[in-house]
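1. I need the structure of the sequence given here:
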Amino acid sequence: MDLNDDVLSSYSHHHHDDDSSVRTPKIFDRYFSSSSSSSDDESQLSNSSMEATSKRLDYMIQFLDRKLSSPSNSNYTNNNANSADNDTNNSKRNKSSALSEFIGKGGGTGIFRLPVRGAVHTGRPPSLEVQPHPLRESQIGGSLRTITTTETQLWTGSDNGGVQVWQFKDLYGGCGDSAPYRESVAVGSGVTCMVGDEGSRVVWSGHRDGRVRCWKMDFSSDGFREVVSWVAHRGPILSMVITRYGDLWSGSEGGAIKIWPWEAIEKSFSFTEEERHMASLLVERSYIDPRSQVTINGFCNVLTSDIRYLLSDNSRAKVWSAGYLSFALWDAHTRELLKIFNIDGQIERMDMSSAQDFTFEDEIKMKIVAGPKKEKNQSSFGFFQRSRNAIMGAADAVRRVAAKSGFGDDNRRTEALIITVDGMIWTGCANGLLVQWDGNGNRFQDFQYHSFAVQCFCTFGLRIWVGYASGTIQVLDLEGNLLGGWVAHSSPVIKMAVGAGYIFTLANHGGIRGWSVLSPGPLDKMLHSELAGKEFLYTRIENLKILAGTWNVAQGRASCDSLISWLGSVAGDVGIVVVGLQEVEMGAGVLAMSAAKETVGLEGSSVGQWWLDMIDKTLDEGPSFERVGSRQLAGLLIAVWIRNNLKAYVGDVDAAAVPCGFGRAIGNKGAVGLRIRVYNRIICFINCHFAAHVEAVNRRNADFDHVYRTMTFGRPSNLFNAAAAGSSSAVQMLRTTNVMGANSSEGMPELSEADMVIFLGDFNYRLGGISYDEARDFISQRCFDWLRERDQLRAEMEAGNVFQGMREAVIRFPPTYKFDKHQPGLAGYDSGEKKRVPAWCDRILYRDSRSTQVSESSLECPVVSLISQYDACMDVTDSDHKPVRCIFSVDIARVDESVRRQEFGDIMKSNVEIRHLLEEQCKIPETIVSTNNIILQNQDTTILRITNKCGKSVALFEIICEGQSTINEDGRASDHHPRGSFGFPRWLEVIPAAGVIKPDHIAEVSVHLEDFPTLEEFVDGVPQNSWCEDTRDREAILVIKVHGTNNTNHSRNHRIRVRHCCSSQTVRIDPKSNRSRQVQGSLLHRSDYQRLSSSYDVVDHLRNLHSP
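-> Sure thing, here's the model as predicted:
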């Protein structure tokens, strides 16, 4: 906390100790702050810090151990680092047991170049990993959907209805992948939107079931739950906002808007715990429907679009509501409709009947009236006019349903909405267009920097951050100039929020990253250098074994013994098993049925399921495995199993299929693939069946090229579909998300973005230039070296024509094709009339992260593999092909996020150069205000001047109301209470309430006294009672918060006392004599123009005044 700040928490902890012991606990107490968990939190942070330090020491020792144990010369190109958990002897033994490999030419360039990896991403600024990309399977029903920030916290809402809270002070701590956070119980209905209310110390959440829930910012160590909740809408709540006067607005489907007055919300907070249901009912029935006042004006038909976005323009006391294609502008004070216009800025008008020839201005000025006046206006409408409105409203509803079904889609639809500090409104469109509007709804100018849909905005100071569906974020200045941009996530950026010096981005996959508000800028280079230099402190090496098997089953079915011989006998110590089958079923009918299924998004067959079930049983006899994904295309089938102890580290299973037969449309030839994330690294498994016959070498090469270039992942397998997606809409969402997010490099195939790719299958490459008898002779003599020289695949790889840059262990087993079924031994080669020459048709190839003779896994080269076994099961006779298997020993380098997060925090706090930069960039300009004491009466208006004394820096100001009090007869203030979100009382108008002050410039703020409004109590949207607000003298404490352009943590605050005097003889507070004296009418007495450059200047000046 900055000691120069006039902190706003003085009232938050104000209570009377003598009353605390007898006061009945309320369901919500604004002045109560739980501190019971502070010592526990400090203890947990201390323990996590010690654990992170211990990890750093372990990783440092392991790093040195790997370096010392690494041999200077390697006999094999595939030598790699041993797991961090193995000792030096194990490392040498593993490397000595690795098989020699053959490497194809042509790798490392073009579409076959390796993805760039590193300790710090080279294409973007360093980020704080608040919550790293979680595995999709771990987020089933609980994915994060929205975020918001308060002064000290980051809040998120999830699909299960629960909320999570991160304390800013703890963001660098924790011993898990995510920074430490608290989580509420899941309420079952997903959170759709959230808004923070600092004035009441609560956060409001809107849910899919139409409920609004209220959560306290301060909670005890045993968790937290909702304070109050009520059913706000019949449909989902799509948007919420708190206005300048503390009212809560909510929007839903069909144009539904409801206003929940602050007076009702405040009253609900006074109920006891036992009266919680009464508090909920009170608020639920207190709503105001602002559309009721404009129905009589003929606007109802254009107010039926879903209220996707609500925005409070606190500077002008207005509210924007927006659908995809239209906007409405409301008065936050009177709650009247001011304007309706479309995305082109054109005003929506209604043709009234000739008897009702109103101008547009007349229409927007009409106010809601009660009783006979309302009935009279409604009766003035003719039958045809009311019918016309109803028909047009129904037509609009049909259009909305069509839009939801994918028809009538407009790529110009609005996807995001925000207001900047200069009072301009920005909207983002589905085609990437950025539109700037003025505060009155006039379209100002357009910008286009990206072709993907805009998903969200965030702003602070003089910058705007734009989040796109491609995972990219861009930074603009307030003039719309592009300052920079980078790929922030591998999936769409759906929400952003600012706090603690960071812009927090939430990705569709649930990951949260924090980006410095100074990015792009010189801080990025400093952080990049520091973090990269400490890579060895947070690098963890994991080792796992992968068993890959391929078999062309020739439409047959295997015996249990065959499967055990092929897979079960070697699966004992592997972590992942991948199986690729070819010719599971064939025939014209099967191919036609498969093609038909693919067109409607279906796949699989009973025969394919039989194979999956049989392999399930085979693997269950050994260590416990679980199938995580599968994909079938006609006769091609691929599936992946993982050991149960790896489930926490393996997920994000996506599938793909590429047909190559009959004009690239039929699946008799082609490929199926699965993509998984293992220890945060991407591994792809591709099962292929290429063109047959000896002479079809070029066709086989073309099949591979087509598969590599066009394979696109994103469709969940049947298993994941059933477990996680739950519905066709969810499947479509996942499909779209992954397709957009996976291909981060434009024009590059998705397979080129993987850290490791394993190709397996019946590639159908044959032995060339050799006869059947010659081949049989060489095989019987086990002269495989000579046969390998005749291998078409090896020749094509050597020429760089296929499988460019891929690796294969040197083959030391007989050719696996073609055999007579159920004929054991090498005598079983094809004895039919054709006598096909034996060939190594069935192969397993791979590439990892190595581009050179690297032997150690690191964050720059994260996946390094060696092959410990590569053979064929020659005793299996169920097909004309022999099954082939390969065991990989894979080292994977990953980031220990808890240690890296602590290192990140240490750098930010202790690096002298970075601290100096932050201090310079976050300075708050020196400002003075023209008065700290204002007295108003009889609709007075006074001008408050804020002067920026700094000659170089821009100052940003925001005016809030700390609360209002009632002035007693003795002149003392009492009954102090803030409104929601530090809103203004309804008798006070402050315009503008926020803005930018250029160097050596003055901002003028109008402070105006409104008439005491007539308040109405609404029940179920209908006004029931009305009364004039209390006419006793009131006093409001305004706080002018002055920020620097880059400082989100601190502000320089000035308090302004505004007193509303109702009598003709007003009271002026004299700070010198501390007495009252009479002054004339509405005469405004101001303090001398004085230098109030810090909060203490204000406090000292007010020290002798009566404080509430």
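
2. Any idea how many residues pack against Ser771?
-> Residues lying near Ser771 (other Cβ atoms under 10 Å) number 11. For the C-beta atoms, the positions are set from N, CA and C on the backbone; glycine is no exception.

3. same question, Thr149
-> Neighbour number of Thr149 under other Cβ under 10 Å is 23.

4. Now do the contacts for the residue nearest to Ala692 when sequence neighbours are not counted.
-> Nearest residue to Ala692 in three dimensions, chain neighbours excluded: Asn764, at 5.1 Å (Cβ to Cβ, 6 or more residues apart in numbering). Contacts here follow Cβ atoms under 8 Å, 6 or more residues apart in numbering; on that basis Asn764 touches His689, Phe690, Ala691, Ala692, His693, Ala696, Arg700, Cys841.

5. Now a ChimeraX select for only the buried ones of those residues.
-> Buried members of these, identified by 16 or more other Cβ atoms under 10 Å, are gathered into one ChimeraX selection as follows:
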select :689,690,691,696,700,841
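
6. Which single one of the contacts of Asn764 is nearest to Lys258?
-> Proximity of these to Lys258, judged by Cβ to Cβ, is greatest for His689, which lies at 59.4 Å.

7. Any stretches of the stretch 951-1100 of the chain with poor pLDDT?
-> Judged against pLDDT under 70, the low-scoring parts of the stretch 951-1100 of the chain cover residues 1011-1017, 1020-1021, 1023-1031, 1063-1100.

8. hang on, I meant the stretch 451-600 of the chain
-> Filtered on pLDDT under 70, the stretch 451-600 of the chain yields the residue ranges 600.

9. if we go to 90?
-> Along the stretch 451-600 of the chain, the parts satisfying pLDDT under 90 run over 571-572, 586-600.

10. Helices along that one, start to end?
-> Assigned by DSSP state H, counting those that start in this stretch, the helices in the stretch 451-600 of the chain fall at 522-533, 560-566, 588-599.

11. and the residue of the chain most remote from its centre, helix, strand or coil?
-> Within the chain, the residue lying farthest from the chain centre (Cα atoms, centre = their mean) is Asp773, at 63.1 Å. Following DSSP: H, G, I helix; E, B strand; the rest coil, we place Asp773 in the helix state.

12. how close does it get to Val319?
-> Using Cβ to Cβ, to the nearest Å, Asp773 is found at 88 Å from Val319.

13. so what's Gly196 up against?
-> Shown here is Gly196, whose contacts under the criterion Cβ under 8 Å, 6+ apart are Thr148, Thr149, Thr150, Trp155, Val202, Val203, Trp204, Met217, Ser981.

14. Report the beta-bridge partners for the fourth one.
-> In other words, Trp155. Here Trp155 shows beta-bridge partners Thr148, Val165, assigned using DSSP bridges.

15. burial count for it?
-> Taking other Cβ under 10 Å as the neighbour definition, Trp155 ends up with a count of 23.

16. Check the last one too.
-> Taking other Cβ under 10 Å as the neighbour definition, Ser981 ends up with a count of 26.

17. That one is in contact with Val203, isn't it?
-> No. Using Cβ atoms under 8 Å, Ser981 makes no contact with Val203, being 11.0 Å away.

18. and for these two, which residues touch both?
-> With contacts taken as Cβ under 8 Å, 6+ apart, the residues that reach both Ser981 and Val203 are Gly196, Asp197.

19. could you pull out the helices for the stretch 201-350 of the chain?
-> For the stretch 201-350 of the chain, the helices defined by DSSP H, counting those that start in this stretch occupy 262-268, 276-284.

20. Would you mind finding the most buried of these?
-> helix 262-268 (a mean of 20; mean count of other Cβ atoms under 10 Å).

21. So for stretch 912-926, what gets flagged as buried?
-> Neighbour-count burial for stretch 912-926, counted by 16+ other Cβ under 10 Å, picks out Ile914, Leu917, Leu918, Gln921, Cys922, Ile924, Pro925, Glu926.

22. ok, how many other residues are close to the residue lying closest to the first one once chain neighbours are set aside?
-> Setting aside the residues directly before and after it, Ile914 is nearest to Met526 in space (Cβ to Cβ, 6+ apart), at 5.3 Å. Around Met526 there are 17 other residues, counting by other Cβ under 10 Å.

23. and Met526, what does it touch?
-> Under the contact definition (Cβ under 8 Å, 6+ apart), the residues listed for Met526 are Asn911, Glu913, Ile914, Leu917.

24. try 10 Å this time
-> For Met526, the residues meeting the contact criterion (Cβ atoms under 10 Å, 6 or more residues apart in numbering) are Pro126, Ile907, Met908, Asn911, Glu913, Ile914, Leu917.

25. will you turn the residues you listed into JSON lines that also has secondary structure?
-> Formatted as JSON lines, the entries for the contacts of Met526 read as follows, by three-state DSSP:
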{"residue": "Pro126", "secondary structure": "coil"}
{"residue": "Ile907", "secondary structure": "helix"}
{"residue": "Met908", "secondary structure": "helix"}
{"residue": "Asn911", "secondary structure": "coil"}
{"residue": "Glu913", "secondary structure": "helix"}
{"residue": "Ile914", "secondary structure": "helix"}
{"residue": "Leu917", "secondary structure": "helix"}
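
26. about what we covered before: just name the most buried of the helices of the stretch 451-600 of the chain.
-> Per-stretch averages of neighbours, counted by mean count of other Cβ under 10 Å, single out helix 560-566 among the helices of the stretch 451-600 of the chain, with a mean of 19.

27. can you pull up the bridge partners for Leu845?
-> Those that pair with Leu845 in a beta bridge, by DSSP bridges, are Phe759.

28. Good, we can wrap up now.
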